[in-house]
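Trainee: Mind looking at a prediction? Sequence and model below.
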Amino acid sequence: MSRINHRIAPFAIAAALVAGPTVALAQSATSDNTKSIVDVVQMLESKDYTNIESIDRDMDRYEVEATDPAGQRVELTLDGQSGEILHSERDDD
């Protein structure tokens, strides 16, 4: 029996690795009128932000690190429902 489990284990690990990003994207969509992470990224890209990283949801807001249209690294705070940029500060890290 351990021989069968030993053969299945690599396939189970591979399936989990492949499914991981899919599960994360599914969890990023919300039902409380908060924009999904995909929506936030698309909105920022439409405003010429690039290198969008470290998107964290905190209650009804998103904290995002990105490069602004002027080429500066910034930390943004976005309203989770409207996507409006509430605060932007230069990221000196």
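Mentor: Done, it's in.

Trainee: So what's the residue count around Leu44?
Mentor: For Leu44, the neighbour count with other CB atoms under 10 Å is 22. Heads up, the C-betas are built off the backbone N, CA and C, glycines and all.

Trainee: now Gly83
Mentor: Taking other CB under 10 Å as the definition, Gly83 ends up with a neighbour count of 17.

Trainee: Over to Glu53?
Mentor: Glu53 is surrounded by 9 other residues when neighbours are defined as other CB under 10 Å.

Trainee: would you say it is within a strand?
Mentor: Yes: using DSSP: H, G, I helix; E, B strand; the rest coil, the assignment for Glu53 is a strand.

Trainee: hey, what's the residue lying closest to it once chain neighbours are set aside bridged with?
Mentor: On the basis of CB to CB, 6 or more residues apart in numbering, the spatially nearest residue to Glu53 that is not a chain neighbour turns out to be Glu65, at 4.9 Å. Note on Glu65: beta-bridge partners Glu53, Glu75, judged by DSSP bridges.

Trainee: What confidence value was assigned to Glu65?
Mentor: The model reports Glu65 with a pLDDT of 96.

Trainee: contacting residues for it?
Mentor: By CB atoms under 8 Å, 6 or more residues apart in numbering, Glu65 lies in contact with Ile52, Glu53, Ser54, Arg73, Val74, Glu75, Leu76, Asp91.
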